[in-house]
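> Return atomic coordinates for the entry below.
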Amino acid sequence: MASISKSNPLEEDDDAEEEVQHFDDFTLASSWERFISDIEATCRQWLADGPKNLVEKGAVAVEDSKNLFTVKHELKNVAKSYCMEFYFQIENNGSQQAGIGNWNSNSHDLQLCFGVKDFLLIAPQSASGVLLDTPESSKLLSAVAIALSNCGSLWPAFVPVHDPSRKAYIGIQNMGTVFTRRFEADRIGSQVPVKLMHLEGLYELFVSKFVYSGVDFSMHNFKVHFMMRLTYQTFPYDEEDEEIDMDELMDDKADTAENYGSESRNKVLWDDDCPWSEWYSAEDPLRGFELVVTWADRTVESTLEMAELENASPHDAEKWILHPILSPYLGDPSHGKRIDFASQLLCLVEALDTSFAAQFMEDFVSVENPSSENLKTSVVIPPPSVLDRVIKDLFREGSKLPDFTKGEHRLSRALKAAPLESFFTQFCLHSLWFGNCNIRAIAFLWIEFVREVRWCWEETQPLPKMPIDGPIDLSTCLINQKLHLLAICIEKKREMNEEFLDCIGSDDSSDASVSMEEHRKVDKRRNTSSEADLQRKRDSSIAEDTSNRLRFERKTERTNYVNQSPTDAIRRGSAGPVGTMMLLKSRQQLHAPFTQDPPLMTEDMHEERLQAVEAFGDSLNVPGQLEKDILLSDMSAFKAANPDAVFEDFIRWHSPGDWESCEPKTTEPSAGPSTEGSKDEWPPRGRLSQRMSDQGNLWRKSWNDAPALPADDQKPLLDPNREGEKIVHYLETVRPHQLLEQMVCTAFRGSADTLNQTNFGNMRQMTSKLEQLYLIIKFTMGALQRNNLLDKAKTVKDLKRLCMVFENVEKLVAVAASIHRKFLDASRLAQVIFSDFYGIYAPTMGMSSNDEENKSRTEMEVSRQEVSLRERQVVSNLFSPPSANQSWRKVLSMGNLLNGHEPILREIIFSTGDDVNNGIHYAAAADVAATSDRKGEEIETHRMYVSGTSNDLRVGLSVTSCD
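Have a look, this model is predicted:
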């Protein structure tokens, strides 16, 4: 038993040895080694995935960069946590060139400082995000370098150090088996030494990094590669000026746009000559320009060359890049914060929505109306002085009529509204800026407007901006038609009054000799031949006592005697013979008479006439009083011009279709001119049509009743007193919603026509966009052009959407106008900049204000454009010399001025190198050449990046050493 219990010592030793060989003791590794292992594992994973796979796995694009991405990984070492970020760049062509001299504006800060492409950044997860302890930062950087070396990566690694405001970094990069590259960056935030403000001092600073400290730089030449990029920016608006502009803008919002033309505003605005400047001043959508001027790589050898470069003109640079700076308002909906057509049109639409609450406009201003009390707390009425200014501007008489086609688009007439320069359109546009276009303010302005119109009517004063003749344009809104007809009635009333006063004056001056003069004139007429002129006295009697109307008369007409017989009746009001037509009874020539023009009618008068025709039957029976008056007038004029005419003669002239000729048809053409009948065949064979031959025909009855009076002696078909009074009554009693509906249509057309006058050059996108705007307005206004709204809520909602569309187009017009006027002599550059902006802005035009995507619209930015040599002078003129107010604040201490503008940022790259095959300085040159793939070329040994201004200097230094 004892022998069985004993174990074999040899077997036990073999088992122990086997256990030691297969045991992994992780406890032997320190925490720092495990930390390095974690870094190495993460880097190996990133290397294995590659840039494209990392993007697919969720790599985040760096802000303001199109092709730079980053991935993060959290690390822990004992009680401290770190965040390791890997920044990698994906080129469009897949190249891995670092692009040191590319000056990519979207590059990361470390890429610019050290000329690297892909890199690691490891920082502590703390409030400051930097390492304040120098030993810790060195230890952390060493750990990263070891991990990268173990996994065979050539990525540079950086660690932030010191205070965060200094933007200081240290870094290291393993460049193979021979070289190591070390990085260091720091910043001076204030009190930059004067020497370092100039290129000579910066050149000496760089040279001091690779020569002995005791060397006199002025006595030796050192070849250094030099590149420089200067950034200029136009002066921004001063905050004080912006506050003044906003105060003026808010005052004008309450006091209308008239203050913009006051003498107190001496400041010249960018849009003073734009068509909308009469109503408001828009903020310049181009807040300024940023110009980047680049000097390409060149070799300098002394401080003297650097001094010459500092005094060189920016026009000597190899490359100019222009970057327009857009105003932030372009990316955001206004929401009432900005004053323009779109914002005021929205207020007008809201007033339309409120207008259905009352029967008359007076109800919105009446003290007794309860709805008016509710409005008083929410709306503002401008003071009487503002109201007087607006009325005076509206009723200011001009020397001549305005051009009603001004600003008219080819689709403008598709909108049932008044022309831009018309009286009613000017009232609507003034209403947009009167009291913020609320319903009470519109009611106040309309009541005063109608009161002034009545005064013009009663005092026979012409209406401004309205023609006094011509046909009524039925394609315009009803109020514009009414005002046009009223202007004509005022003119006719004035002519009647002048004739009446002339007749009274002539009667007073010649009471004693009237009888003798008349006898003398009669005797003279009797002794003259048939070709003498017979003059008629003007008849100044009043046609009717109830209406006190005067008869219309023309100037003296020449009378004719047919067949030169003194016994023939005298023709009156003849316009001349009608071809070879002869009167059936007397066989004299048939003369066409002067007739009265048909009375002018507005759209609602035409509708009443049609309704009367439909109610009484066939219009041939002349059921309407107007048609009967016109027919009687024509018959009377025909009888006066043709004293021997019969009813059949009138039908042959007035309605040839109702005269049926019975003349035989001849097949042979006649040699001479055709005549109506001959001596052998008289009277012509023919008869009246069946409808004219019926017994009791109204035409024949009217012929029998019609007196022989020329048109001048007849009662006028248009009674100016009656029609004018009806029009004024309509304006005084128009329903608020009917008025607002016409105002909305007219205001939209007037605003669109105003924008259409903008000069934006040959930008086809704007031409197309404006045409689309007119089509959308036409489609939306279809509901308002009907007599009643079927769905008021839907119509108001559609109108508010239309205001958003109008706002977008208005912004585009402002951008196009601003770009065009700034680049008049550089049309290519203007077209490229606007096309780039249009491509960015157009997709956002369909967004509503509630869209989540709208949040990013405030960061709208156009791309940078290269400036050609012939365009440089145009761009240079954008940088106008600084004013005294702008120049005293800043002491110019840097060179390379552009029209007095100092660069806001100066970036310089100094570099020097050595041949990689120079075995004296560097060992294993062949390995380096093979590793770097730059055999026979220089390797960059020292590189210094300098950026900043005279008050802010940042330096990034990289040194390559042989380990």
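> Tell me which other helices or strands the longest strand along the chain touches.
Among the segments of the chain that qualify as a strand by DSSP state E, the longest is strand 286-300. Counting by 3 or more Cβ pairs under 8 Å, 6 or more residues apart in numbering; DSSP states H and E, the packing neighbours recorded for strand 286-300 are strand 224-233, helix 303-310, strand 319-326, helix 792-822, helix 872-878. For the C-beta atoms, the positions are set from N, CA and C on the backbone; glycine is no exception.
> Tell me which strands the first one pairs with, and in which orientation.
If I follow you right, that is strand 224-233. Note on strand 224-233: by DSSP bridges, its sheet partners are strand 286-300 (antiparallel), strand 905-915 (antiparallel).
> Counting neighbours, show which residues of the first one come out buried.
Burial within strand 286-300, assessed by neighbour count using 16 or more other Cβ atoms under 10 Å, is assigned to 286-295, 300.
> before we move on, back to that, please tabulate the helices and strands packed on strand 286-300 in TSV, including the columns mean pLDDT, mean neighbour count and distance to Leu584.
Shown next, in TSV, are the helices and strands packed on strand 286-300 (pLDDT from 0 to 100; neighbours: other Cβ atoms under 10 Å; distance: least, Cβ to Cβ, whole Å):
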stretch	mean pLDDT	mean neighbour count	distance to Leu584
strand 224-233	92	20	93
helix 303-310	89	17	107
strand 319-326	93	19	83
helix 792-822	93	20	62
helix 872-878	93	17	82
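> As a markdown table, these with distance to Leu600 would be great.
Listed next are the helices and strands packed on strand 286-300 as a markdown table, based on distance: least, Cβ to Cβ, whole Å:
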| stretch | distance to Leu600 |
| --- | --- |
| strand 224-233 | 62 |
| helix 303-310 | 79 |
| strand 319-326 | 52 |
| helix 792-822 | 32 |
| helix 872-878 | 55 |
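> nearest to His654, of the strands paired with strand 224-233?
Nearest of the strands paired with strand 224-233 to His654, taken as Cβ to Cβ: strand 286-300 at 67.6 Å.
> Could I have the CA atoms of that closest one written out in CSV?
Output of strand 286-300 as CSV, limited to C-alpha atoms (Å, rounded to 0.1, in the frame of the first residue of the first chain):
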residue,chain,number,x,y,z
LEU,A,286,-23.4,89.8,-49.6
ARG,A,287,-22.0,91.0,-46.3
GLY,A,288,-18.5,91.1,-47.6
PHE,A,289,-15.8,89.3,-49.5
GLU,A,290,-12.8,87.3,-48.4
LEU,A,291,-9.8,87.3,-50.8
VAL,A,292,-7.0,84.8,-50.5
VAL,A,293,-3.8,85.7,-52.2
THR,A,294,-1.1,83.1,-52.6
TRP,A,295,2.5,83.3,-53.4
ALA,A,296,3.8,80.0,-54.8
ASP,A,297,6.9,78.2,-53.7
ARG,A,298,10.0,80.2,-54.2
THR,A,299,13.6,80.2,-52.8
VAL,A,300,14.8,83.1,-50.7
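> and Gly839, how many neighbours?
Number of residues near Gly839 (other Cβ atoms under 10 Å) recorded here: 12.
> and what of Leu501?
11.
> sec struct for it, please.
With DSSP: H, G, I helix; E, B strand; the rest coil as the basis, Leu501 sits in helix.
> Tell me how far it lies from Pro462.
Leu501 sits at a distance of 18 Å from Pro462 (criterion: Cβ to Cβ, to the nearest Å).
> looking at this structure, which helix or strand is least sure?
Least confident helix or strand, the chain: helix 514-527 with a mean of 39, by mean pLDDT, DSSP states H and E.
> Pull up the pairing partners for whatever helix or strand comes next after that helix, direction included.
Downstream of helix 514-527, the first helix or strand assigned by DSSP states H and E is strand 574-582. Taking DSSP bridges as the criterion, strand 574-582 sits next to strand 589-593 (antiparallel) in its sheet.
> Residues in contact with the partner strand: which ones?
Residues outside strand 589-593 that contact it (Cβ atoms under 8 Å, 6 or more residues apart in numbering): 562, 571, 573-578, 581-583, 634, 637-638, 640-642, 645, 649, 652-653, 710-711.
> Could you do stretch 768-782 as well?
With Cβ under 8 Å, 6+ apart as the test, stretch 768-782 has contacts from 409, 411-412, 414-416, 744-745, 748-749, 752, 755-756, 798-799, 801-802, 805-806, 809, 812-813.
> list the buried ones in that stretch?
769-770, 773-774, 776-778, 780-781.
> mind listing which of the residues you listed are in helices?
Judged by DSSP state H, the buried residues of stretch 768-782 include 769-770, 773-774, 776-778, 780 as members of helices.
> Now pLDDT and distance to Ile321 too, for those residues, in TSV please.
Shown next, in TSV, are those (pLDDT from 0 to 100; distance: Cβ to Cβ, whole Å):
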residue	pLDDT	distance to Ile321
Lys769	93	28
Leu770	93	32
Leu773	94	34
Tyr774	94	38
Ile776	94	38
Ile777	94	40
Lys778	92	44
Thr780	91	43
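> Switch the residues you listed over to TSV; also include distance to Gln611.
Listed next are those as TSV, based on distance: Cβ to Cβ, whole Å:
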residue	distance to Gln611
Lys769	43
Leu770	39
Leu773	37
Tyr774	33
Ile776	34
Ile777	31
Lys778	28
Thr780	29
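> From these, pick the one nearest Glu660.
Of all these, Glu660 sits closest to Lys778, with 48.6 Å by Cβ to Cβ.
> any idea how far that closest one is from Gln742?
In terms of Cβ to Cβ, Lys778 sits 15 Å off from Gln742.
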